[in-house]
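**Student:** Structure, please.
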Amino acid sequence: MTQLMWANSGDSHILEPPGLWRERMPRGLGERMPRTERVDATREVVHIDGQTFERRMPVVVREGQFAGLTFEQLESRPPGSWDVALRLQDLDSEGIWGEVVYPSLGLWNGLIHDEELYREGVRVLNDWQRETILDVTPRLVPTAAVSILSVDDAVDETWRCAEIGFQAIQLPTWPTEQVPNFNRSYWESLWTAAEQAGMVVAFHIGSDARPPGHNNVVFRGPGGAVLNYVETTYGGQRVATMLVTSGALDRHPGLRVLISEGGATWVPFIADRMDEGYRQHGMFVEPKLSRLPGEILYDQVYTSFQHDRSAVRAYEAMGYRNILWGSDYPHIEGTFGHTQKTLHELFDEADPATAERITRGAFLELFPSVGVPPG
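**Tutor:** Purely as a prediction, here's the structure:
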């Protein structure tokens with residue numbers, strides 16, 4: 001029998017209850033928060049703040065796994081998607097100890113246009129995450145949502161969430177057009193608050209605050225599914241580049257950024273490209289940085305991946321050390337059901353120090369309170 005290889009995960013998701021916001025917010029607000037309606041087994045309609053759009057859903061049904069669940073609960077995901085006690089059982093069987101946890105419906109929050117709705121909605125989400133996750137286990141690290149319609153609201157929620165036990169805030173990879181982008185000084189007070197509060201700033205790929213087909217690329221026809229999947233990774237690369245080249249990370253050397261599910265091999269490429277631009281086009285560059293941008297990227301930006309063999313090579317051959325493995329539990333592109341197979345394929349032939357850093361070390365550098373598995 002293959003020995004259980006324990007790992008921490010830099011990427012996973014929890015499914016919010018369908019009535020979360022309607023039950024906890026005043027009438028007229030809760031109905032405008034994100035919700036979905038299943039059209040059939042492969043399609044759903046997303047409603048958020050007066051906007052509606054349809055999207056296709058992946059379907060993977062394992063015989064017998066979902067007995068007794070309603071159609072709305074099913075969502076092709078295991079019960080641990082919304083039940084933390086069952087989730088911990090899944091993690092134990094998969095060999096996963098700690099996890100960074102992103103919301104599911106809450107990743108659509110970036111599409112909200114109403115400042116009050118956004119501010120109150122994220123408070124409800126974060127209070128629910130505290131009750132559901134933080135109060136239950138130290139092994140899970142939920143990411144606190146903050147409003148991107150008001151930097152003052154974002155700062156206030158960052159401090160509130162730090163005080164109740166959160167270790168990370170979550171932002172979309174591209175903000176709504178109502179506010180400046182993340183390379184602007186508008187966000188300086190948020191970076192200061194996150195650094196002082198010891199909060200990791202986490203971005204999950206595919207979370208641009210733009211609905212599908214609106215001012216962003218959606219491919220149709222031959223290759224469309226893979227093209228769109230690859231396209232989602234670029235938002236994480238872009239926001240990391242913004243935070244480095246704008247000087248935000250240079251001004252806040254204690255700030256740590258996590259780009260989840262976007263792979264790791266892009267970091268050495270982007271570092272080379274930024275360094276070349278910084279040197280060769282120096283007469284145009286503002287602001288001037290205390291170090292080369294590639295050094296800042298390598299030092300302050302962490303990334304996670306699921307299956308990429310190249311991520312191990314990025315560590316061993318290219319010297320990029322801030323790599324976290326991630327399961328993406330419970331999503332279809334994740335490793336649930338074959339985590340041990342994936343980990344052994346990735347790390348059995350790797351140097352033990354490489355395996356330790358990627359499976360546990362980098363994660364614990366960001367979230368040391370999670371601890372290590374027994375034994």
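**Student:** Every contact and neighbour count from this point should use C-alpha atoms.
**Tutor:** Fine.
**Student:** my read: Thr354 touches Ala314, true?
**Tutor:** No: the pair Thr354 / Ala314 is not scored as a contact, 10.4 Å apart, by Cα atoms under 8 Å.
**Student:** Quick one: residues in contact with stretch 336-343.
**Tutor:** Outside stretch 336-343, the residues that touch it by Cα atoms under 8 Å, 6 or more residues apart in numbering are 4-5, 94-95, 307, 327-330, 335.
**Student:** Looking at these, state which has the most neighbours.
**Tutor:** Of all the contacts of stretch 336-343, Ser327 has the most neighbours under the rule other Cα atoms under 10 Å, reaching 31 neighbours.
**Student:** Can you list the buried residues in stretch 296-307?
**Tutor:** 296-307 (16 or more other Cα atoms under 10 Å).
**Student:** Quick one: the strands in this protein, in order.
**Tutor:** All strands of the chain, identified by DSSP state E, fall at 7-9, 35-38, 43-48, 51-56, 96-101, 140-142, 144-145, 168-171, 200-204, 257-260, 301-305, 323-325.
**Student:** other SSEs contacting the shortest one?
**Tutor:** With contacts taken as 3 or more Cα pairs under 8 Å, 6 or more residues apart in numbering; DSSP states H and E, strand 144-145 sits against helix 115-129, strand 168-171.
**Student:** buried ones in the first one?
**Tutor:** The one in question is helix 115-129. Quick answer for helix 115-129 (16+ other Cα under 10 Å): 117-126, 128-129.
**Student:** where does the chain have low pLDDT?
**Tutor:** Within the chain, the ranges that satisfy pLDDT under 70 run 1, 41, 57-77, 211-217, 375.
**Student:** want to try a markdown table for the helices and strands packed on strand 144-145, with distance to Ala240 as columns?
**Tutor:** Below are the helices and strands packed on strand 144-145 laid out as a markdown table (distance: least, Cα to Cα, whole Å):
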| stretch | distance to Ala240 |
| --- | --- |
| helix 115-129 | 24 |
| strand 168-171 | 12 |
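**Student:** rewinding a little: can I get the strands of the chain in a markdown table with distance to Pro79?
**Tutor:** Output for the strands of the chain, formatted as a markdown table (distance: least, Cα to Cα, whole Å):
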| stretch | distance to Pro79 |
| --- | --- |
| strand 7-9 | 19 |
| strand 35-38 | 18 |
| strand 43-48 | 19 |
| strand 51-56 | 21 |
| strand 96-101 | 15 |
| strand 140-142 | 16 |
| strand 144-145 | 22 |
| strand 168-171 | 24 |
| strand 200-204 | 22 |
| strand 257-260 | 23 |
| strand 301-305 | 24 |
| strand 323-325 | 23 |
